[in-house]
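Q: Turn this into a model:
(2 chains)
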Amino acid sequence: MSGSDFTFEIDGVEITARSGQTIMEAADEAGVYIPRLCDHEGLRHQGSCRVCTVKAGGRSVAACTQPAAPGLKVENETPHITKLRRDLVEMLFHEGNHLCPICEASGNCELQAMAYRLDMTGPTRFPYLEPSRGVDASHPDIALDTNRCISCGRCIRASQDVDHKGVFGYVGRGIHRRLAVNGSDLAHTDAAITDDAISKDVCPVGCIIRKGVGFTTPIGEREFDKGLIGHEIEGKRDE
Amino acid sequence: MDEGLPACEVPLVSDAEIMAVCEGYGNDPHRMLDILRDLQDRFRCISPQILTVVAKQTGSTRVAVEGVATFYSFLSLTPKGRVTIRLCDDIVDRFSGLAEVTEAFETELGIKLGHTSRDGAFSLDYTPCIGLCDQAPAAMINDIVVTNLTVEKVRGIMAALKSGKSPEALISERFGELKPHERATRMVDNNIRHAGPVLLGPVPEDAGLRKALDLAPADIVDAVEASGLRGCGGAGFVTGRKWRFAAQEPAERRFIFCNADEGEPGTFKDRVLLTERPHLLIEGMTIAAKAVGAKEGVLYLRGEYVYLRELLQSVIEERRERGLLGPAILGVEGFDFDLRIQMGAGAYICGEEGALISSCEGLPGEPKTRPPFPVTKGYLGFPTVVNNVETFCNVARILDRGAEWFHALGAGGSHGTKLFSVSGDCLNPGVYELAYGMTMRDFLSLVGGEEAAAVQVGGPSGTMIARDSFHRRLSFDDLTTGGAITIFGPERNILEIVEYYISFFVHESCGYCTPCRVGNVFLQRAIGKFRKGLANPKDIEYLKDLSATIIETSRCGLGTTSPRPILETMENFPLVYSALAKPSKDRIRATFDIQAAIDDARKLAKRRSYIFDRDFGQ
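A: Sure thing, here's the model as predicted:
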């Protein structure tokens, strides 16, 4: 611990943090996993999916944007917060069309993996909104099915901040807010298969599709067939 | 009837014309909302060509420009009519004959609501509360407003417009010769029913500002803090403390923003201050500038109040000429402050201070992540004080009459007076300036609303109380309110009101965070079940449970209050819900419509069902 370091608690576990770190950044380093969907390593924090909601000092905050503070007591995986997170994940499932058995992202999908982690195993109470937006397959290497988009904005930030392109953006307001591309369709943008925004880890679901590689890794050998989402971060703690 | 489809054609524009508009705003991407508003007014839509040219001129991406153009209700990607009629769709308007007025417009125009006539002459739309509930039904016609609409009045308006008269000519044949203040008051009645000692009574010119000249900035902050003044927009944050934070933050620039985006349905008191006390408002902003060391300001005026823009602009110019704005105010070297008007474009969320700042930066009106708070990192990253119109007006009076005078007015922890916007089922709707602490019962007898069965205090994000709570007092300690008091008589359907309010929040959610974007839609659907008589007892628990998640996980005040119309009415009007929730029969969900469910399959298969198509089977 250096001079500016301090400690705080997540679910009773003491965490060391540096000044300026968010709760999630400090937790990640300490090997404590806080569930999240819109946050992604290497991209700026957005705080929009709210799956990382924690109780800090009794208040609900997004762990990805809330600064850690000395002595703060944070509740993370309590039954109450897990229930809130399950509600949020169910909302995302119902907002779009997420039919796992016919989606090529199945097994690599963070939304699906999060549902398993949060014990979303039965039918839900929410109505389905069933969007029917056209699939944009205009680009030779990439297709876009925004009916599966969860508005995490990871591709938007990756394209802006890593690729310095700005291929993606949000348009519309409220429930009509959706992902759009910087042109009449994807073929009329400067999107390339080599973009960070298109790389396999940026889109957490099956919205951005890299053509021709969908089933090279068979079901059963995919990312989340190996373990629950978050196991890599939690693995750090056991080391 | 002409359905108005297909939409009329996108007007042909040269790139040079679009570029000229952008250049008028210095090609500054922070002025994106002004640029797009200007282009919308000129060319009636933000066409794909406009998106591309604006992006190029301002150094933005096309999708970023599209993001702004699709966020605000008053901007449109498809062509609007040369005359755009926006009917105010507030619950009070609905209870005042909006349906008949809408039908009259549809008949006269030959188009349905939401459409544009094929010749591009007229559009007819609904828009949420435009701040005229005390003279409902009301409508915007381009940049003017018309009030107290009746079927007769609509026929007169349409006859004039169809004969080629301008919307302005509806107000006066010699509109061009009228002074801005007269134009505003010809369109809209102030309906000031009770003037109090602070704001609506006689107010000496710039007395507060002159006294502030002799004070050190810290002394001004002290005086405002000592007065007990709290933000009058609804949240009630201590004004002096807000200023102190902004003044303490080391920065090269600081900003004073006035939030004149009052969009809470049923609120219109700022409209009256903007009309009758614009000098007092800018005086208050100027005092704030001295207190926190700001040289620049913005008056964010909601798009619905565009009819007041000219009046406010003329007041700003007059104050510049009189040395009350600009460099060396009243001859004091180093006391520089000036401001501009930022027009909104139809987005309730921009009343949230972070969203208001985003909007001024040329972005979609999305709230900002907190912390940092605007007082430390606001507009363009500089410390920014955002206060409500009424708050700034109070400041000018506090500096004139002293903190003690203001502190002594009111009750408990609520000091000064409050402006109330009163509408709905009462004899005297309008604006009342009253001391804090009055009981609802006394308040209702003052406004002629003794028959009330329910009162919505503070708009949909406030609380709805029943008769058994009319002993409660209007103050920060009990019934807090940004000023809206909407009165509902015994004949009103509580669930109809609730459904309106929740639909309002669905329409106005920015969509940034999951719970508010999606959760509110689910609430709206569930209330729809109750309205149709299809709810079962479990739905009451479902509503409570879903509301709790939305409140606990939403990112800004919109989501943390949007379920309140439901929760408050469940608490205070429980019978309304339990009477409509019936257990399902035969274990079949009442909402399940077998005919609708099989209809697609029936059409695809081009076959009918022996089981479900009774006439066919028999």
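Q: Name the helix or strand of the chain that has the lowest mean pLDDT.
A: If you meant another chain, say so; for now it's chain A. Lowest by mean pLDDT, DSSP states H and E among the helices and strands of chain A is helix A:231-238, with a mean of 86.
Q: Chain B, not that one
A: Every helix and strand of chain B was ranked by mean pLDDT, DSSP H and E. The lowest is helix B:614-617, at a mean of 65.
Q: Look up how far chain B lies from the most centrally placed residue in chain A.
A: Ranked by distance to the mean C-alpha position of chain A (Cα atoms, centre = their mean), the top residue is residue A:37 at 1.9 Å. Per Cβ to the nearest Cβ, to the nearest Å, residue A:37 is found 9 Å from chain B. No exception for glycine: its C-beta is placed from N, CA and C like everyone else's.
Q: out of everything not next to it in sequence, what's closest to that residue?
A: residue A:49 (4.3 Å; Cβ to Cβ, 6 or more residues apart in numbering or on different chains).
Q: For stretch B:207-221, buried residues please.
A: B:207, B:208, B:209, B:211, B:212, B:215, B:220, B:221 (16 or more other Cβ atoms under 10 Å in any protein chain shown).
Q: How about stretch B:560-568?
A: Going by 16+ other Cβ under 10 Å, stretch B:560-568 has these buried residues: B:560, B:561, B:562, B:563, B:564, B:565, B:566, B:567, B:568.
Q: do the same with stretch B:520-537
A: Buried-residue list, stretch B:520-537, by 16+ other Cβ under 10 Å: B:520-524, B:526-530, B:534-536.
Q: try stretch B:325-334
A: B:325, B:329.
Q: ditto for stretch B:405-417
A: Quick answer for stretch B:405-417 (16+ other Cβ under 10 Å): B:406, B:409, B:410, B:411, B:414, B:415, B:416, B:417.
Q: what about that stretch, start to end distance?
A: End-to-end distance for stretch B:405-417: 11 Å, by Cα to Cα, to the nearest Å.
Q: what distance separates it from the middle of the whole chain?
A: Stretch B:405-417 sits 27 Å away from the centroid of its parent chain (Cα atoms, centre = their mean, to the nearest Å).
Q: any residues touching that stretch, and which ones?
A: Where contact means Cβ atoms under 8 Å, 6 or more residues apart in numbering or on different chains, the residues beyond stretch B:405-417 that reach it are B:196-199, B:226-230, B:394, B:397-398, B:433-437, B:473, B:475-477.
Q: mind running it again at 7 Å?
A: B:196-199, B:226-229, B:394, B:398, B:433-437, B:475-477 (Cβ atoms under 7 Å, 6 or more residues apart in numbering or on different chains).
Q: Can you select the buried ones from those residues in PyMOL?
A: Buried subset of the contacts of stretch B:405-417, written as a PyMOL selection, criterion 16+ other Cβ under 10 Å:
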select buried, chain B and resi 196+197+198+199+226+227+228+229+394+398+433+434+435+436+437+475+476
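Q: Go through the contacts of stretch B:405-417 and flag which are in strands.
A: B:433, B:434, B:435 (DSSP state E).
Q: Okay, the closest residue to residue A:144 other than its chain neighbours and residue A:149: tell me how far apart.
A: Excluding its sequence neighbours, the residue lying closest to residue A:144 (Cβ to Cβ, 6+ apart) is residue A:136, at 4.2 Å. As judged by Cβ to Cβ, to the nearest Å, residue A:136 and residue A:149 stand 11 Å apart.
Q: These two: which has the busier surroundings?
A: residue A:149 (24 against 18; other Cβ atoms under 10 Å in any protein chain shown).
Q: can I assume the more buried one is in contact with residue A:207?
A: Yes - counting by Cβ atoms under 7 Å, residue A:207 is a contact partner of residue A:149 at 4.3 Å.
Q: if we take the buried residues of stretch B:520-537, which one ends up nearest to residue B:556?
A: residue B:520 (12.9 Å; Cβ to Cβ).
Q: does that closest one sit in a helix or strand, and which one?
A: helix B:520-531 (DSSP states H and E).
Q: Which other helices and strands does the next helix or strand after that helix contact?
A: Per DSSP H and E, the first helix or strand lying C-terminal to helix B:520-531 is helix B:538-553. With contacts taken as 3 or more Cβ pairs under 7 Å, 6 or more residues apart in numbering or on different chains; DSSP states H and E, helix B:538-553 sits against helix A:79-95, helix B:520-531, helix B:564-572.
Q: Dead centre of chain B: give me the residue that sits there.
A: Centre-nearest of chain B using Cα atoms, centre = their mean is residue B:263, 1.4 Å out.
Q: what's near enough to touch the spatially closest residue to it that is not a sequence neighbour?
A: In space, and not counting its chain neighbours, residue B:263 is closest to residue B:348: 3.9 Å by Cβ to Cβ, 6+ apart. Residues in contact with residue B:348 (Cβ under 7 Å, 6+ apart) are B:128, B:263, B:508.
Q: mind putting those residues in TSV, secondary structure, pLDDT and distance to residue B:450 included?
A: As requested, the contacts of residue B:348 are exported to TSV (DSSP: H, G, I helix; E, B strand; the rest coil; pLDDT from 0 to 100; distance: Cβ to Cβ, whole Å):
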residue	secondary structure	pLDDT	distance to residue B:450
B:128	coil	95	29
B:263	coil	93	29
B:508	helix	98	33
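Q: out of everything not next to it in sequence, what's closest to the closest residue to chain A within the stretch 301-450 of chain B?
A: Residue of the stretch 301-450 of chain B nearest chain A, by Cβ to the nearest Cβ: residue B:369 (4.8 Å). Excluding its sequence neighbours, the residue lying closest to residue B:369 (Cβ to Cβ, 6+ apart) is residue A:65, at 4.8 Å.
Q: what does residue B:352 give?
A: Using Cβ to Cβ, 6+ apart and skipping the chain neighbours, the partner closest in space to residue B:352 is residue B:367 (5.1 Å).
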